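S.K.: heads up, no residue letters with this:
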């Protein structure tokens, strides 16, 4: 009876998701994971996205999902229509939701994924304060948002990001290892953006170790605005490899011995969950929401951000101690189960039900 009631409830309401990024990074992946999980439970959904957005293309096969493509903020507000609830998944998308509430009275919630300052613009603050609920993916994001809006953590809901296991083809992973060479592979996955992901520090580590430990190789999976600068920084280093953007990230994770994540700022770092699910020990910076994912000395080692020397020392420690590395990998895989997409979706469903009355 309870399942039937829940099914009738989900079919009665329409939730409109809005994400206006054209690319596909962590926030878009989280939006996709949630929409797919809600679809399996029969929720009626609409997605408002920009024309040409990768997210809209990836979700074209989701049953019952209505996709509305817009050209700008006013167009996005029109595309929202009159759902029962709007879920804002990305910063600029809060403005169309705010306009829709003014003109049609449609309530909305905002999920914020970055610990960056909101800015001091009156419209930004008004749009965030007009939301029926603010969601943060980590305590670090909640603290930043609370300071900007003069809110306490109790005024927000904490719902961490999630993951779904990425498939790995063992033959492909082994081929990649042979292609890179080296006896030990330190991998990084993420947009090549130093101000955010800090990969320049990892390239500096590769330079420091190139003479003493030539068997340690460093692989960067992803593309971004700093790729050309990174390639110039790594010039002459045979131990550094750039693989570009890849769809089958699981094959690359399966080829790594260690995952390095030297971000300078991070809301949470959901790719860490993918690495941990692949039983990889992690060396990461102690920045933003990362310590809420990586448990120091249990699933990995945390070092101060922007500290290549300490980053390199942590990598060497786990390179030299395979037992510790494997124990951390096992603990990380166990911990990753707490962040399944189904768990995240259920938390949002509970929140939706509360807001929908």
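M.R.: Perfect, I can see it now. Computed from a predicted model, the values in this text were never measured in an experiment.
S.K.: Please enumerate the strands of this protein.
M.R.: 14-18, 44-50, 65-70, 85-88, 108-112, 133-136, 156-158, 184-189, 216-221, 240-244, 258-261, 282-285, 300-303 (DSSP state E).
S.K.: Format the ones you listed as a markdown table; extra columns: distance to residue 201.
M.R.: Placement of C-beta: from N, CA and C, glycine included. Shown next, in a markdown table, are these (distance: least, CB to CB, whole Å):
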| stretch | distance to residue 201 |
| --- | --- |
| strand 14-18 | 35 |
| strand 44-50 | 33 |
| strand 65-70 | 38 |
| strand 85-88 | 33 |
| strand 108-112 | 26 |
| strand 133-136 | 26 |
| strand 156-158 | 29 |
| strand 184-189 | 10 |
| strand 216-221 | 11 |
| strand 240-244 | 13 |
| strand 258-261 | 9 |
| strand 282-285 | 8 |
| strand 300-303 | 10 |
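S.K.: Would you convert those strands into TSV that also reports distance to residue 30, mean pLDDT and mean neighbour count?
M.R.: Output for those, formatted as TSV (distance: least, CB to CB, whole Å; pLDDT from 0 to 100; neighbours: other CB atoms under 10 Å):
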stretch	distance to residue 30	mean pLDDT	mean neighbour count
strand 14-18	11	98	24
strand 44-50	13	98	24
strand 65-70	16	98	17
strand 85-88	11	98	26
strand 108-112	8	98	25
strand 133-136	11	98	22
strand 156-158	14	96	18
strand 184-189	15	98	23
strand 216-221	19	98	24
strand 240-244	23	98	17
strand 258-261	17	98	27
strand 282-285	19	98	27
strand 300-303	22	98	24
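S.K.: quick one: which of those strands is nearest residue 146?
M.R.: strand 156-158 (6.7 Å; CB to CB).
S.K.: Can you list the neighbours in contact with that closest one?
M.R.: 133-139, 142, 145-146, 351 (CB atoms under 8 Å, 6 or more residues apart in numbering).
S.K.: switch to 7 Å and redo it
M.R.: Here strand 156-158 makes contact (CB atoms under 7 Å, 6 or more residues apart in numbering) with 133-136, 139, 142, 145-146, 351.
S.K.: Tell me the gap between it and the middle of its chain.
M.R.: Chain-centre distance of strand 156-158: 17 Å, with CA atoms, centre = their mean, to the nearest Å.
S.K.: and if you look at stretch 258-272?
M.R.: 9 Å.
S.K.: Take the contacts of strand 156-158 and write them to a markdown table, including distance to residue 164.
M.R.: Output for the contacts of strand 156-158, formatted as a markdown table (distance: CB to CB, whole Å):
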| residue | distance to residue 164 |
| --- | --- |
| 133 | 25 |
| 134 | 25 |
| 135 | 20 |
| 136 | 22 |
| 139 | 24 |
| 142 | 25 |
| 145 | 27 |
| 146 | 30 |
| 351 | 20 |
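S.K.: Closest to residue 283 out of the residues you listed?
M.R.: Once CB to CB is applied, the member of the contacts of strand 156-158 that ends up nearest residue 283 is residue 139, at 21.8 Å.
S.K.: Find the residue at the geometric middle of this protein.
M.R.: residue 26 (3.2 Å; CA atoms, centre = their mean).
S.K.: need the contact list for the closest residue to that residue other than its chain neighbours.
M.R.: Spatial nearest neighbour of residue 26, excluding adjacent residues (CB to CB, 6 or more residues apart in numbering): residue 270 at 5.1 Å. Shown in contact with residue 270 (CB under 7 Å, 6+ apart): 26, 29-30, 161, 163.
S.K.: same deal with residue 325?
M.R.: 258, 281, 318.
S.K.: so how far is residue 127 from it?
M.R.: The gap separating residue 325 from residue 127 is 46 Å, by CB to CB, to the nearest Å.
S.K.: Skipping its backbone neighbours, what lies nearest residue 23 in space?
M.R.: Among residues not flanking residue 23 along the chain, residue 54 sits closest, at 6.3 Å (CB to CB, 6+ apart).
S.K.: from what I can see the one you found touches residue 27, true?
M.R.: No: look at residue 54 against residue 27 with CB atoms under 7 Å: they stay out of range, at 11.9 Å.
S.K.: Residue 190: which of the contacts of strand 156-158 is nearest?
M.R.: Among the contacts of strand 156-158, residue 136 lies closest to residue 190 (CB to CB), at 20.6 Å.
S.K.: Mind listing the residues bridging to that closest one?
M.R.: residue 112, residue 158 (DSSP bridges).
S.K.: In this structure it contacts residue 112, no?
M.R.: Yes: Residue 136 sits in contact with residue 112 when judged by CB under 7 Å, with a separation of 5.7 Å.
S.K.: shared neighbours, the two?
M.R.: Common neighbours of residue 136 and residue 112 (criterion: CB under 7 Å, 6+ apart): residue 145.
S.K.: quick one on the thing from earlier: distance of the residue nearest to the centre of the chain relative to residue 91?
M.R.: 13 Å.
S.K.: Equivalent analysis for residue 347, please.
M.R.: Distance, residue 347 to residue 91, by CB to CB: 21 Å.
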